[in-house]
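1. I'll drop the sequence and a predicted model, then ask my questions.
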Amino acid sequence: MGGVLLNIKKILPSLLTFANLSIGFIVLLLISNGEYRHALSLIIIAMVLDGLDGKLARKLQVSGDFGKELDSLCDIASFGLVPAFYTWHMNEAGLFYEIIMVLALIFFIICGAYRLARFNVETSTKGFAGLPITIAGGLLALVSYYAVMLNTLILIIFTIFLALLMISDISYSSFKGSHIQFRSYWWYLIPVLITFLFILLPYTFLIVLIVYLFSGIANEIL
């Protein structure tokens, strides 16, 4: 019986990771149908799930290399390929800028893959070296949606900026050292609360991510 429970405990975090990957595929379908608002909402949900799978694994004491590798494989799809595809569909420009945008998005995906590979071999647990791909992908999609009238060149520069932050050595908080203790399972409501917050106050999530982005830069400068 104990072995069965242990196997269930090991599977639970992976189910959240697979849900993240599945949502990424659904987002691609929504983008193809032009349902950009719904697609963006699902990207946000995928971001929340990506944060919860690791937390659940640590809470159940089943963290390991397998889960780490699986999470990275899903992340490059959900927060690398998907946001790039989303940004491409949201952007309308002439042929020259379209080519530059494609190159910028390819660079974004490559830097995201590098960031994940580096993360998998890091031994430090104090924070992240470079902007996490989850944040970078979420920001890229959010800015593409809310700044749809933004000059294409500015969006290209922003895409490259995010890519460079991912492969930088700038330190970002992982919040793993937080002293907040959850003595119940109320934290399972986090995805629901964030989703409602995003629906009621659409710009809130974008602002939070931008603050996080510049927090790392500010710490380096100061």
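-> Looks like it came in fine.
2. all the strands of this structure, residue numbers only.
-> 127-129, 171-173 (DSSP state E).
3. so what's the residue count around Phe161?
-> 15 (other CB atoms under 10 Å). From N, CA and C alone the C-beta is placed, and that goes for glycine too.
4. buried residues in the longest helix along the chain, which are they?
-> In the chain, with assignment by DSSP state H, the single longest helix is helix 2-32. For helix 2-32, the neighbour count (16 or more other CB atoms under 10 Å) marks 13-14, 16-17, 19-21, 23-24, 27-28, 30-31 as buried.
5. of all these, which comes closest to Ala218?
-> Ala218 lies nearest to Asn20 out of the buried residues of helix 2-32, by CB to CB, at 29.3 Å.
6. ok, the closest one to Val211 distance?
-> 23 Å (CB to CB, to the nearest Å).
7. thought Gly130 was touching Tyr172, still the case?
-> Yes: under the criterion of CB atoms under 8 Å, Tyr172 makes contact with Gly130 at 7.3 Å.
8. show me the shaky parts of this protein.
-> 1-8, 60-63, 123-125, 148-149, 175-192, 194-195, 199-200, 202 (pLDDT under 70).
9. that one: helices as residue ranges?
-> According to DSSP H, the helices that the chain contains are 2-32, 36-59, 65-76, 82-90, 95-121, 133-146, 152-166, 190-200, 202-221.
10. for those helices, which one ends up most surrounded?
-> Highest mean neighbour count among the helices of the chain (mean count of other CB atoms under 10 Å): helix 133-146, with a mean of 24.
11. that one packs against which elements?
-> When contacts are defined as 3 or more CB pairs under 8 Å, 6 or more residues apart in numbering; DSSP states H and E, helix 133-146 sits against helix 36-59, helix 65-76, helix 82-90, helix 95-121, helix 152-166, helix 202-221.
12. could you dump those to TSV with distance to Ala141?
-> Listed next are those as TSV, based on distance: least, CB to CB, whole Å:
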stretch	distance to Ala141
helix 36-59	5
helix 65-76	14
helix 82-90	4
helix 95-121	11
helix 152-166	11
helix 202-221	10
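13. before we move on, the earlier item: closest to Asn219 among the buried residues of helix 2-32?
-> Asn20 (28.1 Å).
14. that closest one touches Leu52, doesn't it?
-> No: using CB under 8 Å, Asn20 makes no contact with Leu52, being 9.3 Å away.
15. any idea which residue sits dead centre in this structure?
-> Of all residues in the chain, the one closest to the mean position by CA atoms, centre = their mean is Thr134, 1.6 Å from it.
16. which one is Thr17 nearest to, not counting chain neighbours?
-> In space, and not counting its chain neighbours, Thr17 is closest to Asp53: 4.8 Å by CB to CB, 6 or more residues apart in numbering.
17. quick check: beta-bridge partners of Ala129?
-> For Ala129, the beta-bridge partners are Ser171 (DSSP bridges).
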